[in-house]
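Asks: Okay, predicted coordinates and the sequence, questions at the end:
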Protein chains: 2
Amino acid sequence: MILRNFKTVSHISFGRGCFERLDEILAQKRKNSNSFIVFLVDDVFSGGKLSDRLPVRSHDLLSYVNVDNEPETTYIDALTDKIRAFSDHLPEGIIGIGGGSTMDIAKAVSLMLTNPGSSKEYQGWDLIKNPAVYHVGIPTLSGTGAEASRTAILISPEKKLGINSDFTVFDQIVLDPDLLSGAPSHQRFHTGMDCYIHCIESLSGTYLNAFSRAYGEKALDLCREVFLEDGTDTDEKLMMASYFGGMSIAYSQVGICHALSYGLSYALKLHHGIGNCIAFNQLEQYYPAGVREFRFMMKKQGIKLPRDIAKDIDDDKMEKMINVALMLEPLWENALGADWQSIMTRDRIRELYQMM
Amino acid sequence: MILRNFKTVSHISFGRGCFERLDEILAQKRKNSNSFIVFLVDDVFSGGKLSDRLPVRSHDLLSYVNVDNEPETTYIDALTDKIRAFSDHLPEGIIGIGGGSTMDIAKAVSLMLTNPGSSKEYQGWDLIKNPAVYHVGIPTLSGTGAEASRTAILISPEKKLGINSDFTVFDQIVLDPDLLSGAPSHQRFHTGMDCYIHCIESLSGTYLNAFSRAYGEKALDLCREVFLEDGTDTDEKLMMASYFGGMSIAYSQVGICHALSYGLSYALKLHHGIGNCIAFNQLEQYYPAGVREFRFMMKKQGIKLPRDIAKDIDDDKMEKMINVALMLEPLWENALGADWQSIMTRDRIRELYQMM
């Protein structure tokens, strides 16, 4: 693990207004008159100000994507087919504009255009064989770290699991803090807590090294400045926290909260951000200081979490949730060590879900 | 400046022992039996343990480079000619193993193999036209940030100035803290202070944004852990501090100390690290808190600086030093604002040099 050769995003544009640079960046990729670019944009922006600012040209394909539910492999396959039907040659680029789900859709589609079969065949670690189409990530919500990470997290009939590979990493990200201004405060908080929580999990994990520690500690400091202090430039800081949080996973892993949250998303269609918050709030035994600080952040930001979300889950669904959570072996091992299976039994996971 | 599209190192291997991965990394670049790789290694390692561990194969060229003086453009041109004479085709990679000077030599040679003329024609900003040969940086001293930066700093008859371009950035860096163990403590300190000082300059500069602030603040924290606290893992922390320090320059700039230090290296052949220390020690007026903390670090580490280094410099040489320092316009503007020329006159620079 410590000897991994980490693939990073090779071009980063950061700063208020840098979204305006996108057309210039993409112009370098447009080879000839048949060249086209695909824009995959969260449909909350359809018809809004941002949609007027998209540098879409006549040959391009603009497709608004729906992320009311987290992306499913069937949706990725359908989008990939749509692009193949649009042109008999590959696009010069896939541009994902939105939160973590939209960025993951862009990553997954850029991979599936050059790799045969269904996206569900590639959920796992390093199963992708061919490089992706050039792909660009432009976050409009910060916290997931999807802009920096080597995964594209998808839901398939039996699991929620990422397509983890070096080819998944974006070729370019455009980090414009202006784009964060529109998000509702609860969504901003839940997504920001994704960063906070994966830093807590990464920094207390067994996989940690000095590379991931440096990124994780700074991301945590920035989360505190954003959610505990009434400071300035909170959009800039949250955007950097998210990027650093994503980088901190390079040589580490998330932990118990993320594993349980995957089960919640799978069974209850809860979005990852709020799923993390609901799960983390029950993990004081495993992350005592982190959970206490998290609750203080919730109070400070006036956030209330839904209660008793698991009460109507039947046994069959509960067993499936437990299966999904247990699939995330690297997360459990990072959190609890090689002996994790003796500690985190199905019964213990069920107890934890029933507390939520 | 804030809208720059920053090119990063796209592959990073970090961790004790990861140097052993180099052969495996390079194997992917060896296309056929004629493929060869050039190793440019600081000659302090000649005949030592590290030289036995180099993954040099029969077709490869191993060249020990001398950095008693900082690299000159004539030296870069000679090394480039040597490689051209070695084979009628280009190498698959240039591997630089050493401190900042050796890494800058590797960067410059990888650029000059694909760009015509002399390296002195490319000193400046974005003058390089063609992509470099694949090049890898492996630091054995930490602090310069050369492993992360977009510059290769060279001395030519009239100036000390970097080849600044996106093509200058390494394709791969191998950060193995084990490689830092051999350096003499004063050299480790002087080089580490390069990181500390450019963070102080970057964080107090007018170019700063949240991206550079996040990297710079964390690099500074790590320098303090290494040079003020008696902590553990100081090699790991110093290596991360150096990388973060280099990244912090992405959207910012260094300042007064670096500009003056360039003049010292040019006229007195002082290495950059010690030149920075000597210059910074006289800049309390511009960086009061930073200079006080720097002196405390020197005391804590038992470091003494040479005095009166400028006393034998004749007027002609002094004027040349001032010319070299004044050439670094972005550094002065970052430190003192658009109006810097009215503040930092030739007389003021002369005074500062005479205090050193």
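Replies: Received the coordinates, thanks. Residues are numbered from 1 along each chain as shown, chains lettered A, B, ... in the order given.
Asks: Enumerate the residues of the stretch 151-300 of chain A near chain B.
Replies: By Cβ under 8 Å from any Cβ of the partner chain, the part of the stretch 151-300 of chain A that sits against chain B consists of A:172, A:175, A:177, A:209-211, A:214, A:217-218, A:221-222, A:233, A:236-237, A:239-240, A:244, A:250-251. (Glycine included, C-beta is placed from N, CA and C.)
Asks: can you pull the contacts of A:Val38?
Replies: A:60-63, A:83, A:86, A:91, A:93-95, A:109 (Cβ atoms under 8 Å, 6 or more residues apart in numbering or on different chains).
Asks: In strands, which of the residues of the stretch 151-300 of chain A next to chain B fall?
Replies: Counting by DSSP state E, the part of those found in strands is A:172, A:175.
Asks: Separate out the buried members of the residues of the stretch 151-300 of chain A next to chain B.
Replies: A:172, A:175, A:177, A:209-211, A:214, A:217-218, A:221-222, A:233, A:236-237, A:239-240, A:244, A:250-251 (16 or more other Cβ atoms under 10 Å in any protein chain shown).
Asks: Would you mind confirming that A:Asp233 makes contact with B:Asn209?
Replies: No. The pair A:Asp233 / B:Asn209 is not scored as a contact, 9.3 Å apart, by Cβ atoms under 8 Å.
Asks: Give me the buried entries from the contacts of A:Val38.
Replies: A:60-61, A:63, A:83, A:91, A:93-95, A:109.
Asks: So which of those would count as near chain B as well?
Replies: Applying Cβ under 8 Å from any Cβ to those, none is adjacent to chain B.
Asks: Pipe these into a markdown table and attach secondary structure and pLDDT per row.
Replies: A markdown table is the format used below for the buried ones among the contacts of A:Val38 (DSSP: H, G, I helix; E, B strand; the rest coil; pLDDT from 0 to 100):
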| residue | secondary structure | pLDDT |
| --- | --- | --- |
| A:Asp60 | coil | 98 |
| A:Leu61 | strand | 98 |
| A:Ser63 | strand | 98 |
| A:Ile83 | helix | 98 |
| A:Pro91 | coil | 98 |
| A:Gly93 | strand | 98 |
| A:Ile94 | strand | 98 |
| A:Ile95 | strand | 98 |
| A:Val109 | helix | 98 |
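Asks: State the distance spanning the first to the last residue of stretch A:48-57.
Replies: This stretch, stretch A:48-57, spans 18 Å end to end (Cα to Cα, to the nearest Å).
Asks: Okay, buried residues for it please.
Replies: A:50-51, A:54-56.
Asks: So which of these sit within helices?
Replies: A:50-51 (DSSP state H).
Asks: give the contact list for the closest residue to A:Leu328 other than its chain neighbours.
Replies: Excluding the flanking residues, the one nearest A:Leu328 by Cβ to Cβ, 6 or more residues apart in numbering or on different chains is A:Ala259, at 4.2 Å. When contacts are counted by Cβ under 8 Å, 6+ apart, A:Ala259 touches A:325-326, A:328, A:331-332, A:335.
Asks: are any of those residues buried, and which?
Replies: Taking 16+ other Cβ under 10 Å as the criterion, what is buried in these is A:325-326, A:328, A:331-332, A:335.
Asks: For those, could you give me JSON lines that also reports pLDDT?
Replies: What follows is the buried ones among the contacts of A:Ala259, written out as JSON lines (pLDDT from 0 to 100):
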{"residue": "A:Ala325", "pLDDT": "95"}
{"residue": "A:Leu326", "pLDDT": "95"}
{"residue": "A:Leu328", "pLDDT": "91"}
{"residue": "A:Leu331", "pLDDT": "94"}
{"residue": "A:Trp332", "pLDDT": "96"}
{"residue": "A:Ala335", "pLDDT": "96"}
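Asks: From those residues, pick the one nearest A:Asn34.
Replies: Minimum distance to A:Asn34 across these is 42.6 Å, recorded for A:Leu328 (Cβ to Cβ).
Asks: Tell me how far A:Val324 lies from chain B.
Replies: Separation of A:Val324 from chain B (Cβ to the nearest Cβ, to the nearest Å): 31 Å.
Asks: and the helix or strand harbouring that residue, which residues are buried?
Replies: If you go by DSSP states H and E, A:Val324 is part of helix A:315-326. Residues of helix A:315-326 classed as buried by neighbour count (16+ other Cβ under 10 Å): A:318, A:320-322, A:324-326.
Asks: which other residues reach that helix?
Replies: By Cβ under 8 Å, 6+ apart, helix A:315-326 touches A:158-160, A:259-260, A:262-264, A:266-267, A:310, A:313, A:332, A:344, A:346, A:349-350, A:353.
Asks: Distance from it to the middle of the chain?
Replies: 22 Å (Cα atoms, centre = their mean, to the nearest Å).
Asks: cool, stretch A:128-138 as well?
Replies: Put simply, stretch A:128-138 sits 16 Å off its chain's centre (Cα atoms, centre = their mean).
Asks: near chain B at all, it?
Replies: No. Taking Cβ under 8 Å from any Cβ as the criterion, stretch A:128-138 and chain B are apart, separated by no less than 11.1 Å.
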